[in-house]
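Trainee: coordinates only, sequence not included:
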């Protein structure tokens with residue numbers, strides 16, 4: 001898969017939504033500001049420069065590698081970082097030409113063969129044996145194994161962790177919310193045991209229909225009337241839980257400059273995105289959901305909102321990380337719904 005962002009490779013490589021993918025950057029020079037330390041954290045204990053505590057991609061493809069980065073936060077080179085975590089990478093590739101192929105043919109399986117002598121035959125055989133991306137539940141690999149609590153002075157939010165980015169947690173905590181981070185397959189009773197005032201369904205990797213337990217839980221929580229916010233994969237899960245359908249996009253949306261139109265106001269926002277599936281708008285007719293945001297480029301669904309319940313979801317990333325903060329107000333809208341128990 002490709003990403004069109006000009007900056008933000010530390011965040012992109014540690015984004016759990018990229019789990020199991022070989023990532024190709026279209027921007028020609030990568031690594032020019034090095035890699036910071038995992039040890040630098042904010043007041044909430046969250047990593048300052050990364051979206052998780054490890055590289056999540058399975059491989060990296062770039063055009064040119066900067067071998068002598070210059071930046072005050074740099075502690076190692078991109079090459080050193082990849083080598084330390086055992087992630088293969090390749091440079092010297094015409095990534096824009098590769099991206100054109102991906103845009104023409106859609107997402108494809110790929111393999112990076114690391115050896116003293118290249119063997120295309122071995123690489124193709126390994127590729128033939130590999131399971132298809134949409135067949136695996138990568139969320140199981142990136143969710144927390146047990147609940148983690150982040151105390152705060154405000155109302156408690158239950159976060160169903162399908163591979164949540166640190167930026168989303170930070171957006172909640174900086175608003176004073178208390179957050180309990182739960183495994184993606186937490187049951188309705190487990191969620192309710194923390195007496196949350198609202199629920200957030202996070203981003204994550206892979207095919208949303210594989211998150212059967214999350215879909216079941218979200219359906220149960222919706223019936224109880226809890227305010228909910230879905231982000232990225234969470235948008236798809238909420239739609240599935242209420243009776244909608246999803247489908248695989250030909251090449252997905254991954255970058256920091258994706259325009260989305262708010263159908264309630266007519267305003268267009270520039271957003272950060274990373275997803276390969278989308279909600280089928282024709283499937284929402286009897287769900288109570290209506291399309292809230294549309295992608296200005298291809299008219300795909302970028303957000304849904306319920307007509308009478310405090311439930312909303314966006315396909316893009318309002319926390320940016322990396323990217324523009326145009327839609328940061330989505331978290332404020334959710335907070336108002338949590339405090340009021342309905343749309344404010």
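Mentor: That came in fine, so what should we check first? No experiment lies behind these values; they were computed from the predicted model shown. Numbering: from 1, shown residues only.
Trainee: flag the shaky bits of the stretch 201-344 of the chain, pLDDT-wise.
Mentor: In the predicted model of the stretch 201-344 of the chain, residues 342-344 satisfy pLDDT under 70.
Trainee: wait, isn't residue 162 in contact with residue 203?
Mentor: Yes: the criterion here is C-beta atoms under 8 Å, and residue 162 meets it with residue 203 at 6.7 Å. In short, each C-beta sits where N, CA and C put it, glycine included.
Trainee: out of those two, which sits in the busier spot?
Mentor: residue 162 (31 against 27; other C-beta atoms under 10 Å).
Trainee: which residues are in contact with the more buried one?
Mentor: Residue 162 makes contact with 139, 142-143, 184, 201-204, 211, 214, 233-234, 237, according to C-beta atoms under 8 Å, 6 or more residues apart in numbering.
Trainee: of all these, which comes closest to residue 176?
Mentor: Nearest to residue 176, judged by C-beta to C-beta, of those is residue 202 at 19.4 Å.
Trainee: so, if you compare the contacts of residue 162, which one comes nearest to residue 303?
Mentor: residue 234 (11.0 Å).
Trainee: returning to that earlier point: so what sits against both of residue 162 and residue 203?
Mentor: 233-234.
Trainee: where exactly do the helices run in the stretch 1-150 of the chain?
Mentor: For the stretch 1-150 of the chain, the helices defined by DSSP state H, counting those that start in this stretch occupy 9-13, 78-84, 95-105, 120-129, 139-142.
Trainee: for the closest residue in space to residue 65 that isn't next to it in sequence, grab phi and psi.
Mentor: Using C-beta to C-beta, 6 or more residues apart in numbering and skipping the chain neighbours, the partner closest in space to residue 65 is residue 91 (4.2 Å). Torsion angles at residue 91 (phi, psi; degrees, to the nearest 10) stand at phi -120, psi 170.
Trainee: what residues are up against residue 13?
Mentor: By C-beta under 8 Å, 6+ apart, the neighbours of residue 13 are 23, 55-57, 60.
Trainee: hmm, which two among those are most spread apart?
Mentor: Checking the contacts of residue 13 with C-beta to C-beta, the most distant pair is 56 and 60, at 11.1 Å.
Trainee: any idea how far residue 54 lies from residue 91?
Mentor: With distances taken as C-beta to C-beta, to the nearest Å, residue 54 is found 22 Å from residue 91.
Trainee: the two: which is more packed in?
Mentor: The neighbour comparison of residue 54 against residue 91 (other C-beta under 10 Å) goes to residue 91, with 17 against 12.
Trainee: so the residue nearest to residue 65 sits right up against residue 77, yeah?
Mentor: No: if you go by C-beta under 8 Å, residue 91 and residue 77 don't touch, sitting 11.9 Å apart.
Trainee: strand partners (parallel or antiparallel) of the longest strand along the chain?
Mentor: In the chain, taking DSSP state E as the definition, the longest strand is strand 246-262. Neighbouring strands of strand 246-262 in its sheet, by DSSP bridges, are strand 268-279 (antiparallel), strand 289-295 (antiparallel).
Trainee: turn those strands into TSV, including mean neighbour count.
Mentor: Compiled in TSV, those are given as follows (neighbours: other C-beta atoms under 10 Å):
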stretch	mean neighbour count
strand 268-279	23
strand 289-295	21
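Trainee: did I read that right, residue 337 in a helix?
Mentor: Yes: counting by DSSP: H, G, I helix; E, B strand; the rest coil, residue 337 falls inside a helix.
Trainee: so what's the residue count around it?
Mentor: For residue 337, the count of nearby residues is 21 (other C-beta under 10 Å).
Trainee: ok now stretch 305-312, how far from the chain's centre?
Mentor: The gap between where stretch 305-312 is centred and where its chain is centred comes out at 22 Å by C-alpha atoms, centre = their mean, to the nearest Å.
Trainee: quick check: end-to-end length of that stretch?
Mentor: 4 Å (C-alpha to C-alpha, to the nearest Å).
Trainee: what does stretch 30-38 give?
Mentor: Start-to-end span of stretch 30-38 (C-alpha to C-alpha) is 19 Å.
Trainee: same question, stretch 183-190
Mentor: First-to-last residue span, stretch 183-190, C-alpha to C-alpha: 10 Å.
Trainee: what do you get for stretch 188-207?
Mentor: Using C-alpha to C-alpha, one end of stretch 188-207 lies 22 Å from the other.
Trainee: tell me the buried residues in it?
Mentor: Neighbour-count burial for stretch 188-207, counted by 16 or more other C-beta atoms under 10 Å, picks out 188, 191, 194, 196-207.
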